[in-house]
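Trainee: Everything below, folded, please.
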Amino acid sequence: MINNDVSHLAGNPVLTAIRNRRTVREFLDTPVPRNVLERVIEAATWAPNHRITDPWRFIVLQHGDKARVEVAQLIHDWTLENIPNPNQATRRKSAESAQREILDSPSFIYVYSVPGDNEEVTRENYAAVCCAVMNLSLAAYAEGLGVGWSTGKPTKPGNLADLIGADLSWDIVGALFIGYPAHVPDRQPKGLDHCASWL
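Mentor: Residues are numbered from 1 along each chain as shown. This next block holds a predicted model:
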């Protein structure tokens, strides 16, 4: 049996942030100041990056701007056409919910990974960008923010890259909803006995 006692973590800000960070999708209406957003994005760029390719790309869609409205409409239309539910009312409700979430999120960012010269580097770059998203999430926690990382509906339309000016060769890593949490969900990992082997 692996010891799961965490009393020794008290007072360690890094481990506290790791344990207390949550995926958040419910936010207060409070705007996120640009300098705060810049700090969490800058923190993302300190992620492990084996070949120093700096493969991360962040596209910030500002609240109320034309680009955010257009993307929200695109996601609405894609959802209406593609979710596998024969009930039209349910499809409309899901599409409107997806649109509203994008419009209402205090901050909304698309994250992409730039491919490498070969499959190995491309895979390493994608992994590095995932680490960057985690850095961003931890930095956001330190700023009192919550982050919801989505790889679902907001990332699916084939013409999304064209709409937001992303290079068609880039790989989408996710859409980030960011704001001051209105609700923080609970989470309890299964523990080391579930995932760790000692040989």
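Trainee: Next, count neighbours for the residue nearest to residue 128 when sequence neighbours are not counted.
Mentor: Spatial nearest neighbour of residue 128, chain neighbours left out: residue 49 (4.5 Å); criterion: CB to CB, 6 or more residues apart in numbering. For glycine as for every other residue, the C-beta is placed from the backbone atoms N, C-alpha and C. When neighbours are defined as other CB atoms under 10 Å, residue 49 has 18 of them.
Trainee: residues in contact with residue 49?
Mentor: 55, 128, 131 (CB atoms under 8 Å, 6 or more residues apart in numbering).
Trainee: most surrounded residue in these?
Mentor: Using other CB under 10 Å as the neighbour criterion, residue 55 leads the contacts of residue 49 with 25 neighbours.
Trainee: Not counting sequence-adjacent ones, nearest residue to it?
Mentor: residue 125 (3.6 Å).
Trainee: For that neighbour, give me its contacts.
Mentor: Per CB under 8 Å, 6+ apart, neighbours of residue 125: 53, 55, 113, 114, 115, 116.
Trainee: pLDDT at it, what is it?
Mentor: Per-residue confidence (pLDDT) for residue 125: 98.
Trainee: From residue 49, how far out is it?
Mentor: As judged by CB to CB, to the nearest Å, residue 125 and residue 49 stand 8 Å apart.
Trainee: swap in residue 66?
Mentor: For residue 66, the distance to residue 49 equals 33 Å [CB to CB].
Trainee: for the protein, longest helix please?
Mentor: Of all the elements of type helix in the chain, the one with the most residues (DSSP state H) is helix 119-142.
Trainee: Can you list the buried residues in that helix?
Mentor: By neighbour count on 16 or more other CB atoms under 10 Å, the buried set for helix 119-142 is 121-122, 124-142.
Trainee: Ok, stretch 59-75 next?
Mentor: Buried, per 16+ other CB under 10 Å, within stretch 59-75: 59, 60, 61, 68, 71, 72, 74, 75.
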